[in-house]
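K.L.:
Need coordinates for the below:
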Amino acid sequence: MKVYGTALKSGALARALILLGVVLVLFNIVGYFLYTKVNSDDEHLLDAYPLNISEKEFWDGAYRKNGEALEEYLRRFTKLVNERMLRIDPTYAKPTVFENWILWIYSNIKDDYEWSDTKRAVRLGGGYCSQHAIVFNNLLREQDIESRILGLQGHVVNEVLVNGGWKVYDSDYNVVFDATLQDLENDPYPVYQAYIGLGASDDTAKLFQEAFATEADNFRYKETRAYREEKYHIEIAALYLVWVIPVFLILVGIRLRYSAA
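P.N.:
Residues are numbered from 1 along each chain as shown. Presented below is the predicted three-dimensional model:
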């Protein structure tokens, strides 16, 4: 009787593990269709006049064309990222439970989320300045164009090596500075002029000017993983584990079921 009872318990556990594994696999399949996406009519947008292009339109123009001058491409690409990536608080851009249930749990603990993965960030279509900078940096580095992420005081932009000198690009606001970060730290007034020219308020333009001017808390990050640190590695692990865990549960359940038979 004891052996029979143990077999029943093992059989029940096996069925539970298999069922859980199958449910998690189904979650992943549904996640291909039910994922978070930011649209131009989203009530949480921070853009006063949001521009938006489709994911396909973005990818059609994302890469440098044959014979295209680097500076021409960078201006076009800055505008392209600006038009695809809408400005929204990452609190409202978290992945769905189906999209990645591990990152869904993580993002709800942190109460926000932004992607390191380029394709998922573009598919999402929005975020803070940091999400824009990640997409910008990832795609340039993919094309062997020397670039880096610049973390400022309350703002994130990019710096790209052009004709032997560094230039600053802000794809969040579609601003191109014909200057290095050091130039703008030494003389931040052009920053104020640039954002005022975009229609920013005087207070906002002064905040950006101050962000560039405070050299002590301006930081350069060559790669996204350096900028995001442990968040980058958690994301990479989660993208694999959402498949590894259910397959493992199913295999363990099958083994238990046959051993209990």
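
K.L.:
For the residue most central in space within the chain, list the residues it contacts.
P.N.:
Nearest residue to the geometric centre of the chain (CA atoms, centre = their mean): Trp115, 2.4 Å. Residues counted as contacts of Trp115 (CB atoms under 8 Å, 6 or more residues apart in numbering) are 121, 124, 127, 131, 134, 235. Backbone N, C-alpha and C define where each C-beta goes, glycine included.

K.L.:
cool, Tyr128 as well?
P.N.:
Taking CB under 8 Å, 6+ apart as the test, what Tyr128 contacts is 87-90, 114, 156, 172.

K.L.:
SS state for Val23?
P.N.:
Under the three-state scheme (DSSP: H, G, I helix; E, B strand; the rest coil), the conformation of Val23 reads as helix.

K.L.:
Please tell me the pLDDT value assigned to it.
P.N.:
At Val23, the model reports a pLDDT of 95.

K.L.:
The one 4 residues further on now?
P.N.:
Predicted confidence (pLDDT) at Phe27: the value is 93.

K.L.:
which SSE is it in?
P.N.:
Assigned by DSSP states H and E, Phe27 falls within helix 2-31.

K.L.:
could you say what helices and strands that helix packs with?
P.N.:
Applying 3 or more CB pairs under 8 Å, 6 or more residues apart in numbering; DSSP states H and E, we find helix 2-31 packed against helix 230-260.

K.L.:
Figure out how far the helix it packs on is from the centre of its chain.
P.N.:
Distance of helix 230-260 from the chain centroid (CA atoms, centre = their mean, to the nearest Å) equals 24 Å.

K.L.:
quick one: buried residues of that helix?
P.N.:
Residues of helix 230-260 classed as buried by neighbour count (16 or more other CB atoms under 10 Å): 231-232, 234-235, 238, 241-242, 245-246, 249-250, 253, 256-257.

K.L.:
low-scoring stretches of the stretch 51-200 of the chain, by residue?
P.N.:
Across the stretch 51-200 of the chain, nothing is flagged by pLDDT under 70.

K.L.:
hey, where'd the strands end up in it?
P.N.:
Residue ranges of the strands in the stretch 51-200 of the chain, as given by DSSP state E, counting those that start in this stretch, are 86-87, 126-127, 147-151, 156-162, 165-170, 175-177.

K.L.:
helix, strand or coil for Tyr49?
P.N.:
Under three-state DSSP, Tyr49 comes out as coil.

K.L.:
Would you list the phi and psi of it?
P.N.:
The phi/psi pair for Tyr49 (degrees, to the nearest 10) reads phi -130, psi 80.

K.L.:
quick revisit: weed out the non-buried ones from the contacts of Tyr128.
P.N.:
Applying 16+ other CB under 10 Å to the contacts of Tyr128 flags 87-88, 90, 114, 156, 172 as buried.

K.L.:
export those residues to CSV and tack on distance to Gln209?
P.N.:
Below are these laid out as CSV (distance: CB to CB, whole Å):
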residue, distance to Gln209
Arg87, 19
Ile88, 24
Pro90, 25
Glu114, 25
Val156, 16
Asp172, 16
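
K.L.:
ok, the nearest residue to Arg84 once chain neighbours are set aside to Phe77 distance?
P.N.:
Distance criterion CB to CB, 6 or more residues apart in numbering; nearest residue to Arg84, sequence neighbours excluded, is Phe58 at 4.2 Å. Using CB to CB, to the nearest Å, Phe58 is found at 10 Å from Phe77.

K.L.:
Same drill for those two, tell me which one is more crowded.
P.N.:
Counted by other CB atoms under 10 Å, Phe58 and Phe77 do not tie: Phe77 has more neighbours, with 24 against 19.

K.L.:
Am I right that that one is in contact with Glu142?
P.N.:
No. Phe77 sits out of contact with Glu142 when judged by CB atoms under 8 Å, with a separation of 12.0 Å.

K.L.:
re earlier: which stretch among the strands of the stretch 51-200 of the chain comes nearest Ile29?
P.N.:
strand 126-127 (24.8 Å; CB to CB).

K.L.:
List the neighbouring strands of the closest one plus their orientation.
P.N.:
Here strand 126-127 is paired, per DSSP bridges, with strand 86-87 (parallel).
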